[in-house]
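A.B. asks: 3D, please:
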Amino acid sequence: MALLSLLSHSRTRSSVLREPLRQGGLRALLAPWAPPPVHPHDRAAGHACTPPSTETSPPGHHRPPPLDRTRLGSRTISSTNHTLASHRRSYWTLCPQHPSRGPPAGIATKEAQHSVNDPFEVQRRTFGSAAEPIQRNPDFSVLNSDDVSYFKSILGDTGVVQDKDRVAVANVDWMGKYKGASQLLLLPKSTNEVSKVLAYCNSRRLAVVPQGGNTGLVGGSVPVHDEVIVNLGGMDKIISFDNVNGILTCEAGCVLENLSTFVENEGFIMPLDLGAKGSCQIGGNISTNAGGLRFIRYGSIHGNVLGLEVVLANGTVLDMLTTLRKDNTGYDLKHLFVGSEGSLGIVTKVSILTPAKLPSTNVAFLSCNDYMSCQKLLLAARRSLGEILSAFEFMDRQCIDLVLT
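C.D. replies: Next up is the predicted model:
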């Protein structure tokens, strides 16, 4: 037996939005991760991308190196010097310049040392059930008193947290499955402060983990070892709201529930709704490409975000904070950062499209005998309600018993 929740609203729809390319933005974005030439060790070990092409090029024409595409789960990563053959279940993250994760386990020591020096690389974080430990990358520096003093000069005493109890909370994920050993929690309050922190950490080779509400379930927002935690909870200002077009511009540390309350008072709703909305932050929602309860109707973050402001690993600020719903002037760079989980940069500001609040909501709780009946019900709901179907969820008997007891 299954319990289903069926929600419907009046007809409305959001569209996929485009973002202009700022002058020099693409150069600033891609320069830190330009792929280096194939290392001799990789070539000798058979790790070169593909055999050289026998085709001839026109005179004066330089043929770019072939690409090696390594499939990681549902993503394909292109590089010119990496071939990873591990098929073990693991959590993957893309790490620019100075990754916060240790070298991938299972790779030969010499190859791992070479991988550390590559500006674009893939690192692996195993699940908590894995037996093999993750070794700390020795190429990263260890935090010292001079580093702490510098951070205090930027953020002040209140923005640098060393209290063991407060840092311990940031070291553990919501499920308690992953635990880091960070000794420092930074609380910037502006984009400029985030930029200075990342630029310094980049120059000192200090590993960094960006953190929002820390409500994720896969350990992506907690350190593996002693990385510096940069929490954006202090950046919670609502910058502006266009009550004609329903466009909200705010800082990345705004809690989703607070934003929902604000826009509802203006006659709008947020396009996403999560069970963790009382703690999760909009920057984290964007970094994880959150969907939530309203996904069926309004889709993922990709279709609702109009613009972003992002700080790269070297402190460069990318200003893509547009509020235009349609702009075909260049590459839509913001989509690179949606779902990147902080691996390409830290989101600091957001502009997002909010749908109009509708006058009525209908909820139906229905009982089905089996999963096939749930599928038939969903198909019938889509055919009869069309675009006004906002949510469709089910609970099996075991879930219902757990909730009731």
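A.B. asks: for the rest of this, base every contact and every neighbour count on C-alpha atoms.
C.D. replies: OK.
A.B. asks: where in the protein is pLDDT low?
C.D. replies: In the predicted model of the chain, residues 1-131 satisfy pLDDT under 70.
A.B. asks: helices along that one, start to end?
C.D. replies: Using DSSP state H, the helices of the chain run over 25-30, 40-44, 109-116, 145-155, 164-170, 191-204, 256-265, 282-287, 295-298, 334-337, 371-385, 397-404.
A.B. asks: what's in contact with the fifth one?
C.D. replies: By Cα atoms under 8 Å, 6 or more residues apart in numbering, the list of residues contacting helix 164-170 from outside reads 161, 182-185, 214, 222, 229.
A.B. asks: mind listing what residue 315 touches?
C.D. replies: Shown in contact with residue 315 (Cα under 8 Å, 6+ apart): 194-199.
A.B. asks: hang on, I meant residue 154
C.D. replies: Shown in contact with residue 154 (Cα under 8 Å, 6+ apart): 193, 196-197.
A.B. asks: so which of these is surrounded by the most neighbours?
C.D. replies: Within the contacts of residue 154, most neighbours by other Cα atoms under 10 Å means residue 197, with 22 neighbours.
A.B. asks: so that residue touches residue 152, yeah?
C.D. replies: No - assessed by Cα atoms under 8 Å, residue 197 is found out of contact with residue 152, at 10.4 Å.
A.B. asks: quick one on the thing from earlier: deepest-packed of the helices of the chain, please.
C.D. replies: Counting by mean count of other Cα atoms under 10 Å, helix 282-287 has the highest mean neighbour count of those, with a mean of 28.
A.B. asks: show me what that helix is packed against.
C.D. replies: With contacts defined as 3 or more Cα pairs under 8 Å, 6 or more residues apart in numbering; DSSP states H and E, the packing partners of helix 282-287 are strand 346-353.
A.B. asks: show me the contact partners of the strand it packs on.
C.D. replies: Everything outside strand 346-353 that qualifies as a contact, by Cα under 8 Å, 6+ apart, is 14, 190-191, 210, 232, 235, 245-253, 271, 282-283, 287, 304-312, 321-323, 337.
A.B. asks: from the residues you listed, which would you call buried?
C.D. replies: Buried members of these, scored by 16 or more other Cα atoms under 10 Å, are 190-191, 210, 232, 235, 246-253, 271, 282-283, 287, 304-312, 321-323, 337.
A.B. asks: re the thing from before, so which of the contacts of residue 315 is the closest to residue 276?
C.D. replies: residue 194 (25.1 Å; Cα to Cα).
A.B. asks: tell me the spatial nearest neighbour of that closest one, not counting adjacent residues.
C.D. replies: Leaving aside its chain neighbours, residue 194 sits nearest to residue 188 (6.0 Å; criterion: Cα to Cα, 6 or more residues apart in numbering).
A.B. asks: domain ranges for this protein?
C.D. replies: Residue ranges of the domains in the chain are recorded as 2-11+360-404, 235-353, according to automatic domain parsing.
A.B. asks: identify whichever of these lies nearest to residue 157.
C.D. replies: domain 235-353 (16.6 Å).
A.B. asks: what's the first-to-last distance across the closest one?
C.D. replies: 20 Å (Cα to Cα, to the nearest Å).
A.B. asks: repeat that for stretch 208-222.
C.D. replies: Termini of stretch 208-222 sit 10 Å apart (Cα to Cα).
A.B. asks: now do stretch 356-364
C.D. replies: Using Cα to Cα, one end of stretch 356-364 lies 22 Å from the other.
A.B. asks: next, the buried residues of it.
C.D. replies: 356-357.
A.B. asks: give me the nearest residue to residue 174, chain neighbours excluded.
C.D. replies: In space, and not counting its chain neighbours, residue 174 is closest to residue 215: 5.5 Å by Cα to Cα, 6+ apart.
A.B. asks: separation between that neighbour and residue 144?
C.D. replies: From residue 215 across to residue 144, the span is 29 Å (Cα to Cα).
A.B. asks: what of residue 278?
C.D. replies: Counting by Cα to Cα, the gap from residue 278 to residue 144 is 35 Å.
A.B. asks: distance between the ends of stretch 237-247?
C.D. replies: End-to-end distance for stretch 237-247: 15 Å, by Cα to Cα.
A.B. asks: what bridges to residue 366?
C.D. replies: Note on residue 366: beta-bridge partners residue 4, judged by DSSP bridges.
A.B. asks: distance check, the closest residue to residue 182 other than its chain neighbours against residue 304.
C.D. replies: Once flanking residues are discounted, residue 182 sits nearest to residue 226: 3.9 Å by Cα to Cα, 6+ apart. Distance of residue 226 to residue 304, computed by Cα to Cα: 35 Å.
A.B. asks: kindly report the same for residue 252.
C.D. replies: Distance of residue 252 to residue 304, computed by Cα to Cα: 15 Å.
A.B. asks: what about residue 387, how many residues nearby?
C.D. replies: If we define neighbours as other Cα under 10 Å, then residue 387 has 17 of them.
A.B. asks: who has more neighbours out of residue 215 and residue 144?
C.D. replies: Set side by side, residue 215 and residue 144 show more neighbours around residue 215, with 22 against 8, by other Cα under 10 Å.
A.B. asks: show me what contacts the residue nearest to residue 242 when sequence neighbours are not counted?
C.D. replies: By the measure of Cα to Cα, 6+ apart, the closest residue to residue 242 outside its immediate chain neighbours is residue 248, 6.5 Å from it. Taking Cα under 8 Å, 6+ apart as the criterion, residue 248 is in contact with 238-242, 350-354.
A.B. asks: thank you, goodbye.
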